[in-house]
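In: no FASTA, just this:
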């Protein structure tokens, strides 16, 4: 009986000593992993089709198993990058204009690049909504479902085009929050 009481006391004491280390590790985990970049640095439209989702995840390495602990600055960067990716699609000088002005294989490569850009935009939209929900408790379920459906459709289109040349646009934008 005496040994079990000592074991309990020692166990509690060890836990108390370990607590500050665990808190420090938790604080370090919240540190941001993303930096503000120009669109040309985080775009995924160059190269070939077929692996756009993995390319996006490599450019935005967020731990999707621990969204409640994503740094708020990373969330702001994700949200701003999503807006920039959307602008690269629809604004003057973006994919829509470039595809309209091109023809033949150049237009085809830009169309493939536009799909990869849509994967970028939609993955960042879903990720941003999920992080916002995890951090702020906001119910984004309906919007997450809607955007995930669009994301899955574009991921499928990208995979169906695997190996085809993909071209980005020379778009000046950054992910500044």
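Out: The structure has been received and is ready for your questions. Bear in mind the structure is a predicted one, so any value in this text is a computation, not a measurement.

In: Strands of this structure, start to end?
Out: 47-48, 165-166 (DSSP state E).

In: From the contact counts, what lies against the last one?
Out: In other words, strand 165-166. Under the contact criterion of 3 or more Cβ pairs under 8 Å, 6 or more residues apart in numbering; DSSP states H and E, strand 165-166 touches strand 47-48, helix 104-136. C-betas here are computed from N, CA, C, even on glycine.

In: Point out the most buried one among the ones you listed.
Out: Among the helices and strands packed on strand 165-166, helix 104-136 has the highest mean neighbour count (mean count of other Cβ atoms under 10 Å), at a mean of 22.

In: helices or strands up against that one?
Out: In terms of contacts (3+ Cβ pairs under 8 Å, 6+ apart), helix 104-136 is packed against helix 52-59, helix 72-90, helix 95-101, helix 141-160, strand 165-166.

In: Tabulate the ones you listed (CSV), appending distance to residue 38, mean pLDDT and mean neighbour count.
Out: Below are the helices and strands packed on helix 104-136 laid out as CSV (distance: least, Cβ to Cβ, whole Å; pLDDT from 0 to 100; neighbours: other Cβ atoms under 10 Å):
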stretch, distance to residue 38, mean pLDDT, mean neighbour count
helix 52-59, 12, 98, 18
helix 72-90, 9, 96, 21
helix 95-101, 17, 96, 17
helix 141-160, 23, 98, 16
strand 165-166, 19, 98, 20
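
In: Could you break this structure into its assigned domains?
Out: Following automatic domain parsing, one gets these domains for the chain: 1-30, 33-166.
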